[in-house]
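Asker: With the sequence up front, the predicted model follows.
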Amino acid sequence: MLKEFREFAMRGNVMDMTVGVIIGGAFGKIVGSFINDVVMPPLGLLMGNADFSDYVVTLKAGDGVAKAVTLNYGKFVTSVLDFTILAFVIFMMIRMVNKLKREPAPAPATPERLCPECRMTIPQDANRCGHCGQAI
């Protein structure tokens, strides 16, 4: 069973997926930092020097013992922006890879016509039939 598991774990697609998950986690941290450290501060400045994580709706005020119950929609907005930017970047990367994978379009076929003598197809600009030698 251990040998079988090792064979499974060492397959190419499993290793590729592992690398993808690790790189995706690191990339997610980069995007999170981009949102929190680059995008959100100017947006907060435009909205009156506010931090989006401070945007909450208090559902129940806290007393001395219990904490306040809040709806943290500012953090939700930040998470939605994280997701949107990450999805857009991944879309652009996949789009670029797909462009690289595309095969060149086949050359357009030259128009053909029939030889009046032997009725075989010949190129449109031919002066003589390649099959029977008839001058066209």
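Answerer: Happy to help now that I have it. Numbers count the residues shown, from 1 in each chain.
Asker: mind checking which helix or strand the residue nearest the centre of the chain is in?
Answerer: For the chain, Phe91 is the residue whose C-alpha lies nearest the centre (C-alpha atoms, centre = their mean; 2.1 Å). In this assignment (DSSP states H and E), Phe91 forms part of helix 73-101.
Asker: cool, and Gly44?
Answerer: Gly44 belongs to helix 40-46, assigned by DSSP H and E.
Asker: Show me what that helix is packed against.
Answerer: With contacts taken as 3 or more C-beta pairs under 8 Å, 6 or more residues apart in numbering; DSSP states H and E, helix 40-46 sits against no other helix or strand. For every residue, glycine as well, the C-beta is placed using N, CA and C.
Asker: hang on, the earlier thing: quick one: the residue nearest to the centre of the chain from Gly32, how far?
Answerer: 18 Å (C-beta to C-beta, to the nearest Å).
Asker: hmm, back to that, give the buried residues for the helix holding Gly44.
Answerer: Met40, Gly44 (16 or more other C-beta atoms under 10 Å).
Asker: can you list contacts of the very next helix or strand once past that helix?
Answerer: Reading on from helix 40-46 to the C-terminus, the next helix or strand found by DSSP H and E is strand 57-60. Under the criterion C-beta atoms under 8 Å, 6 or more residues apart in numbering, residues Ala68, Val69, Thr70, Leu71, Tyr73 lie in contact with strand 57-60.
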